[in-house]
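> Need the 3D shape of this:
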Amino acid sequence: MNTDQERWLRVKERLRSELGDDVFTSWFGRMELDAVGEGVVRLSVPTRFLRNWIQSHYSERVLTKWQAEEADITRLELSVRSAAIRPLAPKVKLPESTAPHDARDGGINGAEPRSGIPLMSMHDALSGSPLDPRLTFEGFIVGRSNTLAHAAAKQVANCRRGEPLMFNPLYTHAAVGLGKTHLLQAITWAGNGGSRKVLYLTAERFMYGFVSALRSQTTLAFKEALRAIDVLVIDDLQFLQGKSTQAEFCHTLNALIDAGRQVVIASDRPPADLESLDDRVRSRLAGGLVVEIGSLGEDLRLEILKSRVNAARTHHPGFDVPAPVLTFIAKSVTHNGRDLEGAVNRLLAHSKLTGQPVTLEMAEREMRDLIRPAEPKRVRIEDIQRIVARQYNVSRADLLSSRRTANVVRPRQVAMYLAKVLTLRSLPEIGRRFGGRDHTTVLHAVRKIEALAGNDTAFADEIEGLKRQLQD
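Numbering: from 1, shown residues only. Take a look at the predicted model:
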């Protein structure tokens, strides 16, 4: 066995030890090492579904394990390998219970078909996406940035069948690694074994299940089974694609809410920013409780680190991290909770593999690549409209209106320009957010403001001042 394969075996054993047999087998059992070289590890899996899930949830963890084996590794590449396609059975028996089970991937038959959507049986889709046994309410650390989201999730989890729903849907949004998936899976775990049927699905799983039902001509059974769920939990809604899939999601959402069934959704942005979704879906989502989970404060980061260290001690009793080291990491590693978990994993790997105690000097050396510059503030189009309206003494309604007077046109063009340069929104989306205007109108505004700023120093300074207000 060559050296790379030996390292790969050790990486897999660390993943198995950390995640448990069920989770490891579900996601990594069919992963293979293709090549290692020039700082890159190339791995492959049989389906796009597996690749997308691992990239979203475990790529940093796998990379960390490789770096413990070989410090020169800087990047992980995950590809889909080809394989023969096995057809779906013509007749699919619905499961007796649609409640999610533990972290077992029901399996995707064969590899990707030509359309790029993997085949999936009805049983696989309605068994739910795999759950991580660590993501329960007991393991969730509450702080100022997530108090409301946690309280809302607990309220949903504790509600019994037949009781009136306080809010529906519950929509949580946040950046990567701040706890959205943790809360959604905690709701699902809390509902397992209770009187209500709870189903946890990623948006991709919902999409693949619906497409497979179309191919196997079982869409009616798929719809009926979904609409019999008491609590439908959908994660990563931003990945929902395809007009027919979105239309079916809209129908399912409306049917469940109208029937008094609970819907819980998470995404990386608020409903208004999901420009790929139909207006009716965005409106229905915004009609419930929309909660944002903020960035992790230093105190919360420290509590998360302590929790992760205590969890690691259950399997490694001799593992110890001095308080100054925890304080250093809490101050320095500020990006998200996954980076904090990665930091603890690095300390654990170093301690176990070298037999040396964890010290501040070692932590400073191991954490260098996790100490990232602060992220710029995420600017919203609503903030741009509000600040520009205040600057030019007009109302936000004026900016969205069809008025063409000079005192409104120029501020509207400035706001459109700022929306283009300070956000990731597309020209059509910006136009839609400014009263349903065409993307060519936005493009004209951007070019007009750029030309004016290039010829007028005072106006350019005015624009820069608005940018500073929005980014501070």
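> all contacts plus neighbour counts: C-alpha atoms, from now on.
Noted.
> where are the low-confidence patches of this structure?
1-2, 22, 26, 49, 82-126, 193, 372-377 (pLDDT under 70).
> domain parsing for it?
The chain breaks down into these domains under automatic domain parsing: 3-80, 122-292, 298-322+330-370, 381-471.
> which of those domains is buried the deepest?
The highest average neighbour count among the domains of the chain, using mean count of other C-alpha atoms under 10 Å, belongs to domain 122-292 at a mean of 19.
> I'd say Met367 and Gly342 touch.
No - contact criterion C-alpha atoms under 8 Å: Met367 and Gly342 do not qualify, at 9.3 Å.
> so Arg412 makes contact with Leu399?
Yes - taking contacts as C-alpha under 8 Å, Arg412 lies within contact range of Leu399: 5.2 Å.
> Name the residues contacting each of these two.
Counting by C-alpha atoms under 8 Å, 6 or more residues apart in numbering, Arg412 and Leu399 have no contacts in common.
> how far away is Thr74 from Val45?
For Thr74, the distance to Val45 (C-alpha to C-alpha, to the nearest Å) stands at 20 Å.
> Please apply the same query to Val80.
Distance of Val80 to Val45, computed by C-alpha to C-alpha: 5 Å.
> which residues do those two both contact?
Common neighbours of Val80 and Val45, using C-alpha under 8 Å, 6+ apart, are Arg51.
> just the strands in this protein please.
32-37, 40-45, 75-80, 170-173, 198-202, 231-235, 262-267, 289-292 (DSSP state E).
> For Ile54, which of the ones you listed is the nearest?
In terms of C-alpha to C-alpha, the element of the strands of the chain nearest to Ile54 is strand 75-80, at 8.6 Å.
> Show me what the closest one is packed up against.
strand 40-45, helix 48-57, helix 59-69 (3 or more C-alpha pairs under 8 Å, 6 or more residues apart in numbering; DSSP states H and E).
> Present these as JSON lines; the columns should include distance to Phe167.
JSON lines is the format used below for the helices and strands packed on strand 75-80 (distance: least, C-alpha to C-alpha, whole Å):
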{"stretch": "strand 40-45", "distance to Phe167": "40"}
{"stretch": "helix 48-57", "distance to Phe167": "29"}
{"stretch": "helix 59-69", "distance to Phe167": "35"}
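> Mind checking these for the one nearest to Glu204?
For Glu204, the closest of the helices and strands packed on strand 75-80 is helix 48-57, at 7.6 Å, according to C-alpha to C-alpha.
> list the helices and strands that closest one packs on?
Applying 3+ C-alpha pairs under 8 Å, 6+ apart, one finds that helix 48-57 contacts strand 75-80.
> residues in contact with Glu341?
Glu341 touches 305, 308, counting by C-alpha under 8 Å, 6+ apart.
> how far away is it from His57?
12 Å.
> Phe167 too?
Distance of Phe167 to His57, given as C-alpha to C-alpha: 29 Å.
> And for the closest residue to Leu360 other than its chain neighbours, the neighbour number?
Sequence neighbours aside, Val325 is the residue nearest to Leu360 in space, at 5.2 Å (criterion: C-alpha to C-alpha, 6 or more residues apart in numbering). Counted with other C-alpha atoms under 10 Å, the neighbours of Val325 add up to 17.
> same question, the one 4 residues further on
As a burial measure, the neighbour count of Ile329 was computed by other C-alpha under 10 Å and equals 25.
> Now do Asp278 against Arg425, distance only.
Using C-alpha to C-alpha, we find Asp278 at a distance of 16 Å from Arg425.
> cool, Ser127 as well?
For Ser127, the distance to Arg425 equals 35 Å [C-alpha to C-alpha].
> same question, Gln246
20 Å.
> Likewise for Asp369?
With the distance defined as C-alpha to C-alpha, Asp369 ends up 30 Å from Arg425.
> What of Ile381?
Ile381 is 9 Å from Arg425, by C-alpha to C-alpha.
> any residues in contact with both of these two?
Ala419.
> Gly435 and Ala397 touch, don't they?
No - in this structure Gly435 lies outside contact range of Ala397 using C-alpha under 8 Å: 9.1 Å.
> Now His335, what are its backbone angles?
phi -70, psi -60 (degrees, to the nearest 10).
> Could I get the contacting residues of Leu470?
379, 383-384, 387.
> what do you get if the cut-off is 10 Å, keeping everything else the same?
By C-alpha atoms under 10 Å, 6 or more residues apart in numbering, the residues touching Leu470 are 377-380, 383-384, 387-388, 418, 422, 464.
> go on, Ala149?
Applying C-alpha under 10 Å, 6+ apart, the residues contacting Ala149 are 142, 155, 170-173, 179-180, 183, 289-294.
> go with 7 Å
Contacts for Ala149 (C-alpha atoms under 7 Å, 6 or more residues apart in numbering) come out as 172, 291, 293.
> Pro270 now?
By C-alpha under 7 Å, 6+ apart, the contact list for Pro270 reads His173.
> coming back round to it: is it possible to export the strands of the chain to CSV including distance to Glu450?
Putting those into CSV (distance: least, C-alpha to C-alpha, whole Å) gives the following:
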stretch, distance to Glu450
strand 32-37, 45
strand 40-45, 41
strand 75-80, 38
strand 170-173, 34
strand 198-202, 42
strand 231-235, 40
strand 262-267, 34
strand 289-292, 34
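> right, so of the ones you listed, which gets closest to Arg313?
Set against Arg313 and scored by C-alpha to C-alpha, the strands of the chain come closest in strand 75-80, at 28.5 Å.
> ok, that closest one: who's next to it in the sheet?
Sheet pairing for strand 75-80, assigned by DSSP bridges, gives strand 40-45 (parallel).
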